[in-house]
Each structure stands twice: as C-alpha cells, then as structure tokens.
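Student: can't give you the sequence, but here's the structure:
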C-alpha cells in the first residue's frame, strides 16, 4: 500500500476542500483500489451520491454482522437497486459459530470482543486490497471523533482513510439528503441517530443509543484521528 501522498494537495490543505472535491480526488487517485465503507446511515447516503456522480463503478463494501436491523438490510437492497451495484459483504463467523465458541449473548458479556469478531476482523479483510477507503465519519458525532481528519494515512492499516464529511454538521447532511432526494435508512425516522446491531442500538441522539448503559461509544473500527500533515 502506498504511503506517498497521491493527492494534488496535502492532508492539511484537504481541510479547506469541499466534500465533493475530496470524494472526486479520492476516486481519481485510487480507483479501482478504493471503496466506500457503508453502514447504511445518513452520511453514506450523501457519500454514495457524491461518488456515483464521479463514476458508476465505485466499489462499496459493508460489514454484515448478522445482527443488523431488517430496515438496514432493506436499505442495503435499495442502494443496490438505485445505483445498479452489488455491495461487497464482509462477515465474521455465523451467530451460531460465535455462540458455540464464546457462549451465548457475547455482546452483553464482552461487547468489545463481539465487535472485534464481527466488525474489526472483517474490516481488515475488506481493506486488505485497498489503497484508500472512504468513511462517513463526522467530528461532531462523538468526542472520540473530534480529531477526525478529512484525509490521513493510516500507518496501522497501510492505506489512506478519507472522511470527506468530517467538518459537516448533521443539519448539513440532512439538507443534502432532502436536496438530492436520497434514500435513507427508515430507522432514522424512528429516532435512531446512529445505527448498528439490533442488540446494541437504541433510539437516541448522536451516538448515545449505541451500547446504551455501557462505557463504550466505538466498536474499534475508527481509532481517534491525528493531526493533519
């Protein structure tokens, strides 16, 4: 994976660019060794719209934990139908295999291990052949994401991580959704601001509905971002 900057701007300069400009630059720099990480939340609705305006064959992948909401799977199918794509699915062991090895209801007893098995390890496989990937992270989603950079090289994973909506607010995201008449997960209309697995997600603002009543707000996919360089 290349650590040399493939962009016509530095990561620090990327902070002054628009999200559309960054998405276009990432696709130009990395396609076909680039993909959008899709968790079927409002941010991905915007990013997919931006990306497919650049080219119709952008790769998209999703982590299918086996515990996603029915509404999320319906959104998955709706995205594929709208854009004429097949979203690449990465999975961990089946729920039955996990229960046999680790016991029932691991998400209650050790949610960090459950996330590692069902999300972090599959993400590693998804990124193995990519030089860059696009995320829907925003700085205002949680204090743990306040340091998110729009463009950064991930030394641990050996590829470029692009978060074009890092400086957007939730209001900006929804304004673009309405302007472009984009498909969104119906769970948002039911009070879910952040959407994950059925067992670990409740309605709430920000990320307060994730792992409710636990001192946990992240699944391990996105370590805190560092300074732009």
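Tutor: Structure's in. What do you need? These numbers were taken from a predicted model, which means no experiment stands behind them.
Student: C-alpha from now on. contacts and neighbour counts both.
Tutor: Will do.
Student: I'd say residue 177 and residue 48 touch.
Tutor: No. Assessed by C-alpha atoms under 8 Å, residue 177 is found out of contact with residue 48, at 11.1 Å.
Student: all strands of this structure, in order?
Tutor: 34-37, 59-63, 88-90, 132-134, 151-154, 159-162 (DSSP state E).
Student: where does the first one sit relative to the chain's centre, distance-wise?
Tutor: Okay, so that is strand 34-37. Its chain's average C-alpha position is 9 Å from that of strand 34-37, according to C-alpha atoms, centre = their mean, to the nearest Å.
Student: paired strands for it, with orientation please.
Tutor: According to DSSP bridges, strand 34-37 has the following sheet partners: strand 59-63 (parallel), strand 132-134 (parallel).
Student: out of those, deepest packed?
Tutor: strand 132-134 (a mean of 26; mean count of other C-alpha atoms under 10 Å).
Student: ok now that one, how far from the chain's centre?
Tutor: 10 Å.
Student: what of stretch 157-173?
Tutor: That offset, for stretch 157-173, works out to 9 Å (C-alpha atoms, centre = their mean).
Student: repeat that for stretch 96-106.
Tutor: Mean C-alpha position of stretch 96-106 versus that of the full chain (C-alpha atoms, centre = their mean) differs by 26 Å.
Student: how about it: buried residues?
Tutor: 98, 106 (16 or more other C-alpha atoms under 10 Å).
Student: do the same with stretch 26-34
Tutor: By neighbour count on 16+ other C-alpha under 10 Å, the buried set for stretch 26-34 is 26-27, 29-31, 33-34.
Student: Throw those into CSV and include distance to residue 148 and pLDDT, thanks.
Tutor: What follows is those, written out as CSV (distance: C-alpha to C-alpha, whole Å; pLDDT from 0 to 100):
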residue, distance to residue 148, pLDDT
26, 17, 98
27, 20, 98
29, 21, 96
30, 21, 97
31, 23, 97
33, 22, 97
34, 19, 98
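Student: mind putting those in JSON lines, distance to residue 11 included?
Tutor: As requested, these are exported to JSON lines (distance: C-alpha to C-alpha, whole Å):
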{"residue": "26", "distance to residue 11": "12"}
{"residue": "27", "distance to residue 11": "16"}
{"residue": "29", "distance to residue 11": "14"}
{"residue": "30", "distance to residue 11": "16"}
{"residue": "31", "distance to residue 11": "19"}
{"residue": "33", "distance to residue 11": "19"}
{"residue": "34", "distance to residue 11": "17"}
